[in-house]
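[1] I would like to see how this sequence folds:
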Amino acid sequence: MPQPAQGLPPQLSAYIPDVLESHAAMVAVAVLALPLAALLCGVLAFRPRRRGTPPRSASVIQTQVILGILGAVVMLIVGGSLARAFGIVGVASLIRYRARIDDPKDAVVMLATLSIGLACGVELYGLAVFATLFVLAVLFFIESFEPEQRNTFDLKVTSAEPAALRGDVEAILRRSDVKYELRSAGAKDLVYAVQLPVSVKTDRIANAILLLQPGGDTEVAWEEKKKK
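    Numbering: from 1, shown residues only. Presented below is the predicted three-dimensional model:
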């Protein structure tokens, strides 16, 4: 039983040990809750990227993990206080996440990580673990059915004799699983509208085209089409 602090008013000296004990208990809960929230949300945020899904930006991954940790902190702060809950909701309404997200599922994962963090914050550890595994399994299953994402470019091949290169250029595109459409065939160049799988790099195709005429005057130019 903690002894009252000496030299203080009786009411204050009796109150201090209770406050210290309460804070120590909350820290003890946070020592388990926050790392567990970070670990479980990291499992979701760093899940393996399935074939066809767009690359994830580092900022989105970091936000998902931190969001779960903040969820746990929020629930530790709220505890059983309704006033605290309303105060935090008011502050949260001022927050706006303005980063561009290519895959809408990443926004859903953000909500999932927040929920898992909230569960850890109120010591529902079993629910947090099960929810993480279940959401991860659902994401793994549905992402296996996604068509592969493609980037759109205009490909321009300039050469002294572009007609002689056309068959070989199109063969390279087909081998690389590139969807293409010939837009123009002039005396000096070939222009294609192409759609590249996200896993195919433009330099690999460009080098293959340049090797068709080693030491020649062939030029390859890419112009990416921005998504609307």
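
[2] need the helix or strand of this protein with the lowest average pLDDT.
    When the helices and strands of the chain are compared on mean pLDDT, DSSP states H and E, helix 82-92 comes out lowest with a mean of 56.

[3] after that helix comes which helix or strand?
    Counting by DSSP states H and E, the element after helix 82-92 in chain order, helix or strand, is helix 104-121.

[4] From the contact counts, what lies against that following helix?
    For helix 104-121, the elements it packs on are helix 10-45, helix 58-78, helix 125-143, judged by 3 or more C-beta pairs under 8 Å, 6 or more residues apart in numbering; DSSP states H and E. Where C-beta positions appear, they are placed from N, C-alpha and C, glycine not excepted.

[5] Make JSON lines from these and add distance to W222 to it.
    Formatted as JSON lines, the entries for the helices and strands packed on helix 104-121 read as follows, by distance: least, C-beta to C-beta, whole Å:
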{"stretch": "helix 10-45", "distance to W222": "31"}
{"stretch": "helix 58-78", "distance to W222": "25"}
{"stretch": "helix 125-143", "distance to W222": "28"}
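
[6] Which one, of those helices, ends up nearest to T218?
    Of all the helices and strands packed on helix 104-121, helix 58-78 sits nearest to T218, with 36.6 Å by C-beta to C-beta.

[7] Just say helix, strand or coil for Y192.
    For Y192, the reduced secondary structure class is strand; criterion used: DSSP: H, G, I helix; E, B strand; the rest coil.

[8] And the one 4 residues further on, by the same measure?
    L196 carries the three-state label strand when classified by three-state DSSP.

[9] Going forward, count from 41.
    Right, with 41 as the first residue, what we last looked at is L236.

[10] Next, the closest residue to it other than its chain neighbours: phi, psi?
    For L236, ignoring the flanking residues on the chain, the nearest one in space by C-beta to C-beta, 6 or more residues apart in numbering is N191 at 5.0 Å. Backbone torsions for N191, taken as degrees, to the nearest 10, come to phi -100, psi 140.
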